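Q: here's my sequence, what's the structure:
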Amino acid sequence: MIRTLAFSIVVLVSTIFFSLAAIVAGLVRAKKGAYDWVHRNWSRTVLRAAGVKVEVTGLENVRPGGAQIFVCNHQSMFDIWAMFATLPVSLRFIAKKELSRIPVFAHAMRQAGHVFIDRTDRSQAAEAMRRAGERMKNEGLSLGLFPEGTRSRDGALGAFKKGTFALAIETQTTLVPIAVDGGAEIMPDGLRLRPRPLLMRCGAPIELSGLDAGDRDDLLARSRAEISGMLEEARRERPLRAESSPAV
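A: Next comes the predicted model:
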């Protein structure tokens, strides 16, 4: 429990520090690289404090610095930290509106270019997704999306929502499917820290140029199949299983 408490303190302090850094970057109209520094160092600080190592393969499928869509399964906040820490791009996320109520943190997210959506309001969500796509193209940002719409508490891959792929097609860029496994095991009850390696796989890129709305369902099915396959592969290779490790 001592390590869990120490980790929680690091998360709180580092989040405040890097949020303030992002806000200052906004005030001085810093370039996107300043926010990339914030994201990357915040994430690496948290992962190091948790004792979590990200083992990533397939980075050759990611175009460094280029605008891309990353579609990933979602088990925990560690998925986001893993992507920030390892992907060589200017990455932003679509976030649930509940996060917009957190003082300082929410303002920092807006400054950096993240977008909040209300999943209960389809018209607002569609407009927010459209604006995110425009900003992505105008500023050369990459966008991280979780098509399940919520976290999978048991690690099982859930159903994918169609809106994710409608936005992806509108960008006419490239979609990279990503699978991250292990996050659901790190803090399964939200109280105890159980350090695990995160296994992250970046799949072959899917070119979106030339696709239209009629291709949405096929893109969804293809992306889900790729992520499901990479999850199965990662689980076969896991060097450490949750059931064989003591709580910290």
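Q: now residue 210: which helix or strand?
A: Residue 210 is part of no helix or strand, with elements assigned from DSSP states H and E.
Q: that one: how many residues sit nearby?
A: The number of residues packed near residue 210 is 8, by other Cβ atoms under 10 Å. Backbone N, C-alpha and C define where each C-beta goes, glycine included.
Q: what's the pLDDT at it?
A: Listed pLDDT for residue 210 reads 93.
Q: ditto for residue 31
A: 91.
Q: residue ranges with poor pLDDT in the chain?
A: For the chain, the stretches flagged by pLDDT under 70 are 119, 190, 238-248.
Q: so in it, which helix runs the longest?
A: Longest helix in the chain by number of residues, with DSSP state H as the criterion: helix 2-27.
Q: what comes into contact with the helix or strand following that helix?
A: Toward the C-terminal end, the helix or strand that comes next after helix 2-27 (DSSP H and E) is helix 32-50. By Cβ atoms under 8 Å, 6 or more residues apart in numbering, the residues outside helix 32-50 that reach it are 6-7, 10-11, 14-15, 18, 21-22, 25, 53-54, 78, 80-82, 84-85, 90-91, 108, 111-113, 139-141, 186, 193, 195.
Q: for stretch 212-226, same thing?
A: Contact partners of stretch 212-226, identified using Cβ under 8 Å, 6+ apart, comprise 71, 147, 157, 160, 162, 164-166, 168-169, 175, 177, 203-204, 206, 208, 211.
Q: what about 7 Å?
A: The contact list for stretch 212-226 (Cβ atoms under 7 Å, 6 or more residues apart in numbering) reads 71, 160, 162, 165, 166, 168, 169, 175, 177, 203, 206, 211.
Q: pretty sure residue 158 sits against residue 151.
A: No - with contact defined as Cβ atoms under 7 Å, residue 158 does not reach residue 151; the gap is 9.1 Å.
Q: which stretches of this protein form strands?
A: Remark: strands assigned in the chain by DSSP state E are 54-57, 69-72, 91-96, 115-117, 142-145, 174-181, 198-202, 206-207.
Q: possible to save those strands as TSV with distance to residue 134?
A: Listed next are those as TSV, based on distance: least, Cβ to Cβ, whole Å:
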stretch	distance to residue 134
strand 54-57	30
strand 69-72	14
strand 91-96	12
strand 115-117	10
strand 142-145	11
strand 174-181	17
strand 198-202	25
strand 206-207	20
